[in-house]
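# Generate coordinates for the sequence data below:
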Amino acid sequence: MAYIQRAISKTLKNRVKTSKCTLIEGARQVGKSTLVKHEFPEYNRTNFDDRLTRLQAKEEPKLFFLNNPCPLFIDEVQKEESILEEIKQKVDESDERGQFILSGSHKLELMKGVSESLAGRVSVYELSGLSLREIYHIGFNKHFVPTDEYIREREREVITYENIWDIIHKGSYPELYDIERDWQEFYSSYVSTYLERDINELISTDSITFTKFLTAAAARTGEMLNYANIAGEIGVSEPTIKNWISILERTGIVYLLQPYSASVLNRAIKTPKIYFRDTGLACFLTRWLTADALKNSAVAGSMFETFIVSEILKSYSNEGKDYRFNIFYYRGKDRRVSGENEIDLIIEEDGILYPVEIKMSGNPKVGMGASNQVLDKIPNKKRGMGIILCLIDKKTYLRENLMALPVYYI
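Numbers count the residues shown, from 1 in each chain. All right, here's what the predicted structure looks like:
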């Protein structure tokens, strides 16, 4: 099985050297344990998926650490959070760096345990599925922000992605690129494993009902989140749907993109948008079984947008950066025109707001950036270059402050 070099490796290695404890969070099968195995072969390894290992860590922690000496990698550490207090004591007793690497697939639950036991002692990194840069072995590793400097540097390693729809449909889980694996069989096993290992611990419902919910959520990727609508379709209460969406978010299955908040945007919609982290999983759940069928379907636009948003998020996390306070969307009626206006993404950096439209088109138009003007109302912020990320074949200025950019610039 060939190992695909992960973009986060260099940043992660540097941080492990300077931190007493490092946490890698991400969904199952994104390659957390494989990353540590290849990049930190000197570490002892243990996995809390094993019940006997968890039991020993809980009831006999001193014996556990005798059997598993530092430097130590603990996989799925959220399954026995009591060990975090023991880790705290060990790192406090020593000035040595890089003693522990932890990983887990329950993001928010894991962070709660970390924040309580290891506050100020742990560096946190997110690992997602493979990015386009990783699949195509591109070394450039800076987060996407459409500045002149970024575009100039990115152009040095630009290549054309000819099979973009094949990748959107295939998804980003490393195993699909390591070996010849049947697509349907992989995702069928993934859903079963996810339900059996993760969800049974967090919900009290049957797997059929929850699978229906997963499918309903996948069918709405790229849309504003409507809990009541999903609840009506599945036949459960709205609070139940809110809880289940939270579970999808903290296990790394979906991302909730928040609306941009500014006091002057008093007619902006406050509802988040839901995006599946992996388009292959979304395609499997909604039964788009081939790339050609997906490309020509009614959901092609929303799946394309989901893919691009995921790639932009990966560009941040692979550089070791937190994107939660930098990326938003806007939808509202704050301009004096009929109907609602929408900006797919607003990227904020250094007081500048960059409006980004995502279009499944090879023929971008100036009108696609018409809503960008709403950002001019926001005090103490500047509007940066507007970008239309699309299927055009080369960088093209549509106006002085509006550029159409091929998706391979991400």
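# okay, how far is it across stretch 9-28, tip to tip?
18 Å (Cα to Cα, to the nearest Å).
# average pLDDT across that stretch?
The average pLDDT for stretch 9-28 rounds to 93.
# in it, what's buried?
Buried residues in stretch 9-28, defined by neighbour count with 16 or more other Cβ atoms under 10 Å: 10-12, 15-16, 19-28. (Glycine included, C-beta is placed from N, CA and C.)
# can you pull the contacts of the residue lying closest to Pro71 once chain neighbours are set aside?
Excluding the flanking residues, the one nearest Pro71 by Cβ to Cβ, 6 or more residues apart in numbering is Tyr43, at 4.7 Å. By Cβ atoms under 8 Å, 6 or more residues apart in numbering, the residues touching Tyr43 are 36, 71-73, 101.
# Selection in PyMOL covering whichever of these are buried, please.
Burial among those is assessed by 16+ other Cβ under 10 Å; the matching PyMOL selection reads:
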select buried, resi 36+72+73+101
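# Among the contacts of Tyr43, which lie within strands?
72-73, 101 (DSSP state E).
# Stretch 60-75: how far from the chain's middle?
Relative to its chain's centre, stretch 60-75 lies at 30 Å (Cα atoms, centre = their mean, to the nearest Å).
# Start and end of it, how far apart?
End-to-end distance for stretch 60-75: 18 Å, by Cα to Cα.
# Any buried residues in that stretch, and which?
Quick answer for stretch 60-75 (16+ other Cβ under 10 Å): 61, 64-65, 68, 70, 72-75.
# same deal with stretch 224-231?
Applying a neighbour-count criterion of 16+ other Cβ under 10 Å, the buried positions in stretch 224-231 are 224-225, 227, 230-231.
# Can you name the residues in contact with that stretch?
Here stretch 224-231 makes contact (Cβ under 8 Å, 6+ apart) with 213, 216-217, 220, 237-238, 240-242, 245, 256, 269, 271-274, 331.
# any low-confidence regions in the chain?
1, 107-115, 262-268, 334-339 (pLDDT under 70).
# longest single helix anywhere in it?
helix 300-317 (DSSP state H).
# Show me what that one is packed up against.
For helix 300-317, the packing partners by 3 or more Cβ pairs under 8 Å, 6 or more residues apart in numbering; DSSP states H and E come out as helix 164-170, strand 254-257, strand 273-276, helix 279-285, strand 327-332, strand 341-349, strand 352-358.
# Including mean neighbour count and distance to Leu130, could the ones you listed go into a markdown table?
Conversion of those to a markdown table gives the following (neighbours: other Cβ atoms under 10 Å; distance: least, Cβ to Cβ, whole Å):
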| stretch | mean neighbour count | distance to Leu130 |
| --- | --- | --- |
| helix 164-170 | 20 | 9 |
| strand 254-257 | 21 | 16 |
| strand 273-276 | 24 | 15 |
| helix 279-285 | 26 | 11 |
| strand 327-332 | 22 | 20 |
| strand 341-349 | 20 | 21 |
| strand 352-358 | 23 | 20 |
